[in-house]
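Engineer: the sequence isn't on hand, but the structure is:
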């Protein structure tokens with residue numbers, strides 16, 4: 001467990017604003033940004049706030065280069081002489097709507113400075129809101145209501161109990177950050193600890209998060225994660241929480257294992273909603289002791305329990321492969337990131353991809369037009385838009401390229417090429 005947090009009590013909230021030393025760091029970063037080359041004007045010099053552009057977070061060396069483009073399906077973009085240069089790289093970018101994208105730094109326990117960027121009325125990239133400081137590390141994240149949310153479990157609170165720390169970054173209030181805690185001991189009533197994985201907005205003031213339920217972790221064990229021995233590997237739990245971390249419901253089922261991908265200390269979301277508001281709870285069956293194949297269940301919109309008539313054995317359809325990450329594309333199509341080998345661990349490569357259509361329970365490898373798994377050296381976060389998935393991929397023989405995946409055919413084609421070392425994320429902004 002990490003060192004105790006400075007809390008007066010379990011339910012105390014802490015509002016973080018830019019002041020003191022954090023403000024100084026923010027000024028230094030803004031100065032660096034101000035001295036860099038600015039992004040070019042929007043289409044036709046801008047249209048006064050009635051347009052859209054794509055956002056690209058590219059990387060080279062230890063810097064991030066923020067660019068815009070009018071099209072992700074063709075052409076070339078370059079970081080040379082373009083964009084906004086920021087002298088640091090970000091662990092991930094989180095989108096919540098089309099106004100801004102939030103960059104987060106995973107600092108392995110040290111405070112990390114977060115930023116957000118969007119477009120001004122002329123279509124130029126500009127900071128949106130204040131910078132913010134996440135004092136605790138985080139192991140999962142997502143978008144909920146007006147917030148970008150991060151969470152880390154396995155934290156020792158000052159009263160000696162074990163809990164999770166959530167940071168709510170308010171995008172409607174200049175990125176003001178509120179920190180809230182929740183006790184995770186005996187969370188599901190079986191005396192064990194819970195680690196949260198994923199954030200899915202239900203649209204009713206609640207969000208769902210997957211639970212990895214385990215015995216306490218040995219404090220001498222390494223690895224950075226908060227999960228100890230998993231003694232119920234053949235069960236899945238999902239919790240519904242509100243913005244104050246009140247537990248509204250807990251869902252449980254014994255047809256799949258827990259809903260979370262794992263890599264070192266990170267917990268990757270394996271829950272996502274379709275366009276109709278149904279939530280699909282996937283399990284890549286990461287735990288070696290589970291007897292359940294990788295698969296998925298469904299929580300119908302507004303339901304208080306799993307749909308007992310729905311079960312999808314994805315592992316059988318894949319030929320025995322298990323998956324690590326899940327992203328919604330459109331309708332009830334989802335993209336899976338699949339391990340390259342049948343035998344895997346927390347650091348095993350996963351660079352092959354498949355499209356699943358959940359209602360029909362179909363599985364299709366994405367191979368036509370997409371790089372082979374052994375050619376891929378790096379990927380960014382895929383971005384779903386207009387019924388397609390836009391996926392930044394870097395190979396040893398080519399510059400970072402956005403591959404456009406059609407979920408209906410499970411085929412891909414090469415799109416925009418970015419002259420940089422890598423691409424971390426994509427988004428679409430309106431202005």
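Structural biologist: Here it is on my side, so go on. Bear in mind the structure is a predicted one, so any value in this text is a computation, not a measurement.

Engineer: first to last residue in stretch 370-389, what's the distance?
Structural biologist: Length of stretch 370-389, first residue to last, C-alpha to C-alpha, to the nearest Å: 12 Å.

Engineer: distance between it and the chain's centre?
Structural biologist: Using C-alpha atoms, centre = their mean, to the nearest Å, the distance from the centre of stretch 370-389 to the centre of the chain it belongs to is 15 Å.

Engineer: now it: mean pLDDT?
Structural biologist: Average pLDDT, stretch 370-389: 98.

Engineer: contacts made by that stretch with the rest, please.
Structural biologist: Here stretch 370-389 makes contact (C-beta atoms under 8 Å, 6 or more residues apart in numbering) with 57, 72, 92-93, 95, 327-331, 335, 340, 349, 351-353, 390-397, 400, 403-407, 411-412, 422-428. The C-beta positions use only the backbone N, C-alpha and C, and glycine is treated the same way.

Engineer: what of stretch 348-363?
Structural biologist: Residues contacting stretch 348-363 (C-beta under 8 Å, 6+ apart): 274, 280, 296, 298, 312, 314, 317-318, 321, 323-325, 329, 332-341, 344, 364-366, 370, 373-374, 376, 379, 391, 405, 407, 410.

Engineer: one more time with 7 Å, if that's ok
Structural biologist: With C-beta atoms under 7 Å, 6 or more residues apart in numbering as the test, stretch 348-363 has contacts from 274, 280, 296, 312, 314, 317-318, 324, 332-341, 364-366, 373, 376, 407, 410.

Engineer: got a quick PyMOL command for the buried subset of the contacts of stretch 370-389?
Structural biologist: A single PyMOL command is used to select the members of those judged buried by 16 or more other C-beta atoms under 10 Å:
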select buried, resi 57+72+92+93+95+327+328+329+330+335+351+352+353+390+391+392+393+394+400+403+404+405+406+407+411+412+422+423+424+425+426+427+428
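
Engineer: contacting residues for residue 53?
Structural biologist: 42, 68-70, 119, 123, 429.

Engineer: please name the bridge partners of it.
Structural biologist: Using DSSP bridges, the bridge partners assigned to residue 53 are residue 429.

Engineer: any idea how far residue 289 is from it?
Structural biologist: To residue 289, residue 53 is 48 Å away according to C-beta to C-beta, to the nearest Å.

Engineer: sticking with residue 403, tell me its helix or strand.
Structural biologist: Residue 403 is located in strand 398-406, with elements delineated by DSSP states H and E.

Engineer: what angle separates the helix or strand just after that strand from strand 398-406?
Structural biologist: Sequence order places strand 411-419 as the next helix or strand after strand 398-406, per DSSP H and E. With axes from the mean of the first three to the mean of the last three C-alpha atoms, to 10 degrees defining the directions, strand 411-419 sits at 150 degrees from strand 398-406.

Engineer: run a quick neighbour tally on the nearest residue to residue 66 once chain neighbours are set aside.
Structural biologist: In this structure, residue 66 finds its nearest non-sequential neighbour in residue 84, 4.3 Å apart by C-beta to C-beta, 6 or more residues apart in numbering. By other C-beta atoms under 10 Å, 21 other residues sit near residue 84.

Engineer: measure residue 84 to residue 57 for me?
Structural biologist: Counting by C-beta to C-beta, the gap from residue 84 to residue 57 is 10 Å.

Engineer: what residues of stretch 340-356 count as buried?
Structural biologist: Buried residues in stretch 340-356 (16+ other C-beta under 10 Å): 344, 350-356.

Engineer: can you check stretch 135-151 too?
Structural biologist: By 16+ other C-beta under 10 Å, the buried positions in stretch 135-151 come out as 135-145, 147-151.

Engineer: average model confidence for the helix or strand where residue 327 lies?
Structural biologist: Taking DSSP H and E as the definition, one finds residue 327 inside strand 323-330. Average pLDDT, strand 323-330: 99.

Engineer: just checking, what packs against the following helix or strand past that strand?
Structural biologist: Elements were assigned by DSSP H and E; along the chain past strand 323-330, the next helix or strand is strand 333-338. Using 3 or more C-beta pairs under 7 Å, 6 or more residues apart in numbering; DSSP states H and E, the elements in contact with strand 333-338 are strand 323-330, strand 352-357.
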